[in-house]
Each structure stands twice: as structure tokens, then as C-alpha cells.
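> Need a 3D model of the following:
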Amino acid sequence: MRRFVVAGLLLLFAVASRADGPRVTILSDAFGKDAVLHKDWGYSALVEWNGRRVLFDAGNHADHLIENARRLDVDLGHLDFAIVSHRHGDHTNGLARIVALNPGLTIYVPDDEHFGGPTPPVFFRQPDPSLPAHMRYFDGAVPAVVPHGTVLPPAKYVRVGESLDIAPGLRLVANLSPGPAFAETPEVSLIVGEEEGRTLIVGCSHPGIERILESANANAQPVALLVGGLHLVTASRPEVERIARALRDEWKVEKIAPGHCSGEQTFSALRESFGANQIYAGVGESFTPDVREPLVPIGRDVTPPRILERRDCSVPSGGVCLSLLSAEVVIETDGSVSEVTLTRAGGSAGGRRLSAREAAEIADEHCVAAVKLWKFRPATRNGIPVRVAWSVSIVAKCQ
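Predicted structure coming up:
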């Protein structure tokens, strides 16, 4: 008995000592369920974790960003800081409004001249002293730092060119595409949490999502939740499917909440790879790494699930025979079974009738795993797959 008490206390301590995952609220994107919210080709999300409120990207349309936040009852006037993943307008348009609401706000940005950083020194590394002074940059005496203008509002920008801890449990990683596409568009991504249960939030993944995962040391510390744009909107279907499998199998991403420039075919491919571990992340959605879509009651507006593939369970030898088995299963939107709860069990062993408890213990050990391999055509409402609970009968082979 003491061992169980100690084990329980250790488990309680482990759970209590681990911070809850962040809450992410999508404020700007081009898809969503709520018709009242504005849809824009842009991205913005509020990240709340450990008492801090962080705005990640500022959307494509300032007024729409502010209005969506108001309708979602999200206060954008009390931010701890903001992060801009990269310089594109569909991630920066609302910055002026955000700065006005938060005077003195620190904004972490890539090390990019677009944010008022220096003009790239490489521009001045091929001088020609044979030219007369009036044809040379700065009369041939180039300053050590040449400021670069920006259309963005004056603010406290902190340029990030390498990994940077901005607060306990909040870390930025900086990346640049190795290829010609987006080679001049540095990007930063946000890691929330410690070694276990980390969430990675990305803007567009222009450097490549696998490159970003590598910079986040995802091989050694797998990501519990990946959120944001994967920039696969123009990728071929085979490449999309390759990355979907790689995220699950090679990088061990547990859950994924794709948005923005990921692409519709990517949403579909990720659902095939991740199943119930793909979190719907349209504009207006608010979720944590532990979120699941709610169960939808079976009613007149819901088309019930239909069994496509079932497996009988084999019980141990010794004259054991189970009968009258039934269970309630949770069927996810991809048709997989995530939960099995036995609701009735009976049977016999060696000519002796089993008690309900004995039968349930045998069924729990030998049949639940088989039922979790069943495949269904998922239930749908208005043509959209929904998560439901469903009662099933189980066939057990007698030994």
C-alpha cells in the first residue's frame, strides 16, 4: 500500500511542478468558423503563459485585428511584449495600433534592415577607388553603420539574430532560408515552455519548418504542439505529404495547429498524418496543447459514424469465452478510435460463469486494444466530420 501512496505523491508532484501549456488565441487568419470575425490573409496570435501576455505577429489589416480582438474580448492594451516573425506586411500591418495601445512596448523582430537596422554592410564591400569622389558612396568614406529607413512606427525594437531567452520559459530562435527563395527574409519563431511539453509558434516558416525545428533542438526535445504557418501553400502534394509524415515520424511533433500559409492541401495531409492530434486553429479559436474538439451529441443534424474495419479480440486460452461485450467509443474526426469504455461484459471460463468484474478485467486486457484499431467513416454535421461518442458491440473469439 505504501508503494502506491509514494508513487501517487510522486505523480502529483510531477504534474504540479510542470507549468501548464500556453493558451493561444488566433486573432487573424483567412479561415474560421465564426462568420462575425474578419478573415484576412495574415497572421496574429495572442500567447498567454505563466502570467505573461505576448502578441505574436500583427496581422494584415490593423482595423480588422483590433475589431476581432474586441469581439473575442481580448485586451490588446496590456501586453508584456510583442514578437514579429518577419517583415512581410501580412504580419506587421497592425503594429502602429499595437504600439499606440502599449506605449514603450518592447517588440522583438528579426535582425533585418526593414525594422530600422543598419543597411547591410555587404552593399559597400566592393568599392572602386578609381571613381571620382562624387561618384562614390558617401564620397568614399562609408560610415561604420549606415542607418536604414522603415515604414514601421517608431518603437522599442529589439533585433534578434540568434537564439535569445526573452523571459523564463520563452525563447526565440532565428533562421534564414538557405536557398534563393526568401534568402533575404530572416525569421524568428517562439518556443514556449521548458524541456517537456514545449510549444513552437511560427509565422510563415520561410526558412523551412524542418530547419526551424532543428534550431529549436526538436530532435532532443520533441515539440508537444506546433502552431502557425508552414508556407506549403505552393508546394506539391508529394512534398506536402512528405513533410506531414516527417513532422510526425522524424521530428516527433505530438500535436499540430496549422494556419495561414500552410495551404488547404496541407490541412488535409496533416489530418491524415496526425488525426485527432491536429488542432483546428482558425481565426477566433483559443486552445492549449491539451485541447480536443468537443464531443457532438448524435442528433437529427448529425450523420452517425459507420464501421469500415473492425478486429475481433482474442481472449487467453484455458476455456475462456467472453460474450455480451459492449462499449462506448470516442470516434475522432479522422475515423480513428481514441477512447474505449466497456459498458457490459460477461462470459465463462472452464464451464464457470464469470462475474461481470472478471469478464471486464479480461476484456479490458485483451479487447480494448483491438477496438482502438477499428476504423470508422466519421460522423458528420453539415458535411464536416465531428467527434462523437458511439456505442458498439464487440465480438470475442473463444479459446
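
> how about the helices in the stretch 101-250 of the chain?
Taking DSSP state H, counting those that start in this stretch as the criterion, the stretch 101-250 of the chain carries its helices at 209-215, 237-249.

> same for the last one, what does it pack against?
Okay, so that is helix 237-249. helix 209-215, helix 264-274 (3 or more CB pairs under 8 Å, 6 or more residues apart in numbering; DSSP states H and E). C-beta: built from backbone N, CA, C; applies to glycine.

> relative orientation of the helix or strand following it and helix 237-249 in degrees?
Per DSSP states H and E, helix 237-249 leads on to strand 255-259 as the next helix or strand towards the C-terminus. On the basis of axes from the mean of the first three to the mean of the last three CA atoms, to 10 degrees, strand 255-259 is oriented at 140 degrees to helix 237-249.

> chain center to strand 255-259: distance?
3 Å (CA atoms, centre = their mean, to the nearest Å).

> tell me what that strand is packed against?
For strand 255-259, the contact count by 3+ CB pairs under 8 Å, 6+ apart identifies strand 223-229, helix 264-274 as packing neighbours.

> name the helices or strands packed onto the last one?
Packing contacts for helix 264-274, counted by 3+ CB pairs under 8 Å, 6+ apart, involve helix 237-249, strand 255-259.

> Which residues in the first one does the neighbour count mark as buried?
Of the residues in helix 237-249, Val240, Glu241, Ile243, Ala244, Leu247, Arg248 count as buried by neighbour count, 16 or more other CB atoms under 10 Å.

> repeat for the last one
Buried residues in strand 255-259, counted by 16+ other CB under 10 Å: Lys255, Ile256, Ala257, Pro258, Gly259.

> Show the average pLDDT along that strand.
Averaged over strand 255-259, pLDDT sits at 96.

> Would you single out the least confident of the helices and strands packed on strand 255-259?
Looking at the helices and strands packed on strand 255-259, the weakest mean confidence is helix 264-274, a mean of 92.

> So which of the helices of the stretch 101-250 of the chain is nearest Gly203?
Checking the helices of the stretch 101-250 of the chain against Gly203 by CB to CB gives helix 209-215 as the closest, at 10.0 Å.

> Give me the residues contacting that closest one.
Helix 209-215 is touched from outside by 163, 173-175, 177-178, 187, 189, 200, 202, 205, 219, 223, 226, 230-231, 243, 246-247, 251, 253, with contacts defined as CB atoms under 8 Å, 6 or more residues apart in numbering.

> and of the buried residues of strand 255-259, the nearest to Ala269?
Ranked by distance to Ala269 (CB to CB), the buried residues of strand 255-259 are led by Pro258 at 9.7 Å.

> mind listing what the closest residue in space to Arg381 that isn't next to it in sequence touches?
Nearest non-adjacent residue to Arg381, counting by CB to CB, 6 or more residues apart in numbering: Val302, 4.9 Å away. Residues in contact with Val302 (CB under 8 Å, 6+ apart) are Val296, Ala379, Thr380, Arg381, Val386, Val388.

> Based on its surroundings, how many neighbours for the third one?
Close neighbours of Thr380, defined as other CB atoms under 10 Å, add up to 17.

> any idea how far the residue nearest to it when sequence neighbours are not counted lies from Arg23?
Nearest residue to Thr380 in three dimensions, chain neighbours excluded: Thr303, at 4.7 Å (CB to CB, 6+ apart). According to CB to CB, to the nearest Å, Thr303 and Arg23 sit 32 Å apart.

> Including distance to Lys372 and mean pLDDT, could the helices of the stretch 101-250 of the chain go into CSV?
Shown next, in CSV, are the helices of the stretch 101-250 of the chain (distance: least, CB to CB, whole Å; pLDDT from 0 to 100):
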stretch, distance to Lys372, mean pLDDT
helix 209-215, 29, 97
helix 237-249, 18, 96
